[in-house]
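coords please:
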Amino acid sequence: MTEAAKKPVFDNVIAAQFGHRASFVLADLRRAKALNKGGMMPMNSQGFSRGLHSTHEPRGADFQSAVTEGFQPAGLSSSLLCQRKRQPADWKSAIQQIGNLRYSGRTHRSNEGMVSANLLQNVAKILLICLLIFAFLPSKTVLGAEAVSAGPLFHEFALTLTAGRRTEALGPFFYSEQREKERVWAIPPLLSYARDPETDTTEFDFLYPVVTYDRYGTQYRWQIFQLLNMAGGPTQREPNRDRFSIFPFYFQQRSSIPSENYTAVAPFYGHLKNHLFRDEISFVMFPFYSETRKKDVITDNYFYPFYHSRRGDGLRGWQLWPFVGQEHKEVTTRTNNFNIVETIGGREQLFVLWPFFTTLTSDIGTEDLALQQNLLPFYSVQRSAKRDQTTVLWPFFSRIDDREKQYREWQFPWPLIVFARGEGKTTSRVLPFFSVAHSPMLESDSYLWPIYKFNRTHTDLLDRQRTRILLFLYSDTRMTNTQTRASQQRLDFWPFYHYWRDFNGNTRFQVLSVLEPYLAGSHKIERDYSHVWSVWRAEKNARTGAASQCLLWNLYRRETSPASKKCSLLFGLFQYQSDADGKRMRLVYLPVMKKGPRQPLKPNQQ
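Predicted structure coming up:
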């Protein structure tokens, strides 16, 4: 039989054996034959090329064919096999076939990856087509001029808790919001911008708190990680003041009042004002020399903190810390803002080998003369007209008699075991097992601290209660107006959810809540970060009755009010709305239903 006549027969046999995979097998065979003619491809004992296998060829017989003498593939005719010369198995061929098995496994896994990639590509194509359909639709659609709904891709809606509108796009990575005159837009968690013309404020954050800019009227401040700072604007004393600092090396202030200017290059030389709880600071090669002023008291420091001398209005003192130091202040007077002359008590202070021995007599020349003497750790004594305290073997045994607040307290040792009794304070504490402390305005209870902790502050206008479990894991804070009985509540269960209700009854529920329990009340955390992880949001307006629910950044969104309902699902592929104008429905952004408002029945129809 000629080669031309054999070819159809061979093709039919391969087709019968491999079915829809025959084309791949034949292609491999032809490539192997072509390579073999050129001396490039060795053939195995069955005449098939080694190392060339279709990825769709069954692999169960490969190893068997390599090691079994006279192997006959299933489905091949005996006439075709008779044309082949039976040969014993070639062990080199067997090793090659085993390699083919490993290669085919990798190829199979590669094909699985290709299938997954193709699936993702198909999904992306579908989303792109949906987005294009949405982009070219007119804005005034059958669902109303205000309704643009494409789920996480792009979604705009009316705010629930206040008047205004909000637009969200690209899932959690962009939103803009307009509330009356306030405008906010953000690319969480990268940056955000907020501006309110009514209060004349502007805020900009980049990776908060790394870079921030805040402006209120003509006053401004921006900083980079609290290391590079610029601030300025008018004050009550001067029309303009600008400050610049590179912490902790360079500090500068320029003012319209020349006496308020300063420059400091730490630690070499400089002059500062209103820093580090001091009115003025001057230094040269700090810590070798520095001078500080707080009100009328001037302190000269040499080799800070070891030696200083202090002077002021009736004040003289010095110290060689921690060895010895003394200070004396005479009784003086001053006139306050109400033009009333006040008496400033004197003071005598001495320490030797601080903190082991110290003595202080304060408020000399007044009715509140007080004496304090410590010889630690042996004893500590405080005596005054209002309060006495005696401590032996500090901090193990202490007794307090507070005549002003009317209570007595025993500590042994503080703060682990404390008991207090009296009208002003009642305390029973054995940490960490329990602690119960009450006063007319404050309550503090804990059991197995930090498992359970309760705090309460009560005044004539406000009652505030907070319950915590494991510090910030769970927190329930409630504030009540004692006159109107209106209340506000905040619930945090880290990191699962956050719930909030204001004094007007408006509520908001959010899942998840990562930073909010630790930085409660920070509007920048809510603006810059909350949108990233809030996979579920639910809001309700107590005054209007409006409510909204949102899942996965508007993949599902539902809005209701007493007069309307609206729902969007799966990137806006399904949308439904009903209101006073009737009912409308869209599928794949195309209108499929539109019904007008229901007409009232006539008397004869009733």
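
pLDDT score assigned to the residue nearest the centre of the chain?
With distances taken as C-alpha atoms, centre = their mean, the residue of the chain nearest its centroid is Leu515 (3.9 Å). Looking at Leu515, its pLDDT is 94.

Confirm that it sits in a helix.
No. Under the criterion used here (DSSP: H, G, I helix; E, B strand; the rest coil), Leu515 is coil, not part of a helix.

distance of it from Glu168?
20 Å (C-beta to C-beta, to the nearest Å). For every residue, glycine as well, the C-beta is placed using N, CA and C.

just for this structure, where's the confidence low?
Scanning the chain for pLDDT under 70 picks out 1-117, 119-120, 122-147, 598-606.

any idea how far the nearest residue to the residue nearest to the centre of the chain once chain neighbours are set aside lies from Arg543?
Nearest residue to Leu515, sequence neighbours excluded (C-beta to C-beta, 6 or more residues apart in numbering): Ile525, at 5.2 Å. Between Ile525 and Arg543 the computed distance is 27 Å (C-beta to C-beta).

which one of these two has more residues nearby?
Taking neighbours as other C-beta atoms under 10 Å, Ile525 and Arg543 compare with Ile525 leading, 17 against 9.

List the buried residues of stretch 588-597.
Residues Tyr589 are the ones in stretch 588-597 that count as buried (16 or more other C-beta atoms under 10 Å).

picking that back up, contacts only, for the residue nearest to Leu515.
Ile525 sits next to 208, 515-516, 519 when contact means C-beta atoms under 8 Å, 6 or more residues apart in numbering.

Nearest to Phe323, out of those residues: which one, please.
Using C-beta to C-beta, Leu519 is the member of the contacts of Ile525 that lies nearest Phe323, at 44.6 Å.

That closest one belongs to a helix, doesn't it?
No. Judged by three-state DSSP, Leu519 forms no part of a helix; its state is coil.

how about the nearest residue to it, chain neighbours excluded?
Using C-beta to C-beta, 6+ apart, the nearest residue to Leu519 is Ile525, at 4.9 Å.

cool, and Leu191?
Phe206 (4.6 Å).

Just give the number of residues close to that neighbour.
Phe206 has 16 nearby residues by other C-beta under 10 Å.

who's it bridged to?
With DSSP bridges applied, Phe206 shows beta-bridge pairing to Leu191, Val211.

Isn't it up against Leu190?
Yes. Using C-beta atoms under 8 Å, Phe206 is in contact with Leu190, at 7.0 Å.

ok, now how distant is the residue nearest to Leu519 from Ser192?
Taken as C-beta to C-beta, the span from Ile525 to Ser192 is 11 Å.

any shared contact partners between these two?
Common neighbours of Ile525 and Ser192 (C-beta under 8 Å, 6+ apart) are Tyr208.

that older thread, is the residue nearest to Leu519 within a helix or a strand, and which one?
Under the criterion of DSSP states H and E, Ile525 resides in helix 523-525.

Which SSE is immediately downstream of that helix?
Sequence order places helix 531-533 as the next helix or strand after helix 523-525, per DSSP H and E.

Can you spell out which helices and strands pack onto that next one?
The helices and strands touching helix 531-533, judged by 3 or more C-beta pairs under 8 Å, 6 or more residues apart in numbering; DSSP states H and E, number zero.

what sits up against the following helix or strand past it?
Next helix or strand after helix 531-533 toward the C-terminus (DSSP H and E): strand 536-540. With contact meaning C-beta under 8 Å, 6+ apart, strand 536-540 is reached by 160-161, 506-511, 546-552.

Identify the neighbouring strands of strand 536-540 in the sheet and state each direction.
Counting by DSSP bridges, the strands paired with strand 536-540 are strand 507-511 (antiparallel), strand 547-551 (antiparallel).

Can you tell me which of the contacts of strand 536-540 are buried?
160-161, 506-511, 546, 548-551.

Looking at those, which one is closest to Thr235?
Nearest to Thr235 among the buried ones among the contacts of strand 536-540 is Leu161, at 36.4 Å by C-beta to C-beta.

Look up the closest residue to the closest one, ignoring the ones flanking it.
Asn506 (5.0 Å).
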